[in-house]
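Visitor: pasting the structure only:
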């Protein structure tokens, strides 16, 4: 019983559709909350140089793209090579 509740909760938190940044059109990117025309142009300019290989690659190459923005975009269905954003795990210090 608990497994089904857990599974239902996980599925409910997933976006209903995915939009890969390497195939998305300018209009599709502009429709995401948190991206405006200038931000979208920076993404498209970098994508023309080379497709994004991963979320860390995207964060490194696009000015203004940080972990918080990446998480918000991923929550809306944006992917990089069909992968959602996973924030890095911080090493625990003792």
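Guide: Yep, that arrived. A quick note: this is a predicted structure, and the numbers were derived from the prediction, not measured. Numbering: from 1, shown residues only.
Visitor: hey, what's residue 19 bridged with?
Guide: residue 78 (DSSP bridges).
Visitor: you'd agree it is up against residue 82?
Guide: No. Counting by Cβ atoms under 8 Å, residue 82 is not a contact partner of residue 19; they are 10.3 Å apart. Every residue, glycine included, has its C-beta placed from N, CA and C.
Visitor: So those two - more neighbours on which side?
Guide: Counted by other Cβ atoms under 10 Å, residue 19 and residue 82 do not tie: residue 19 has more neighbours, with 17 against 9.
Visitor: List the contacts of that one.
Guide: Taking Cβ atoms under 8 Å, 6 or more residues apart in numbering, we find residue 19 in contact with 28, 32, 77, 78, 79.
Visitor: Drop anything exposed from these.
Guide: 32, 78, 79 (16 or more other Cβ atoms under 10 Å).
Visitor: out of everything not next to it in sequence, what's closest to the first one?
Guide: On the basis of Cβ to Cβ, 6 or more residues apart in numbering, the spatially nearest residue to residue 32 that is not a chain neighbour turns out to be residue 76, at 5.4 Å.
Visitor: burial count for that neighbour?
Guide: 16.
Visitor: separation between it and residue 86?
Guide: Residue 76 sits at a distance of 15 Å from residue 86 (criterion: Cβ to Cβ, to the nearest Å).
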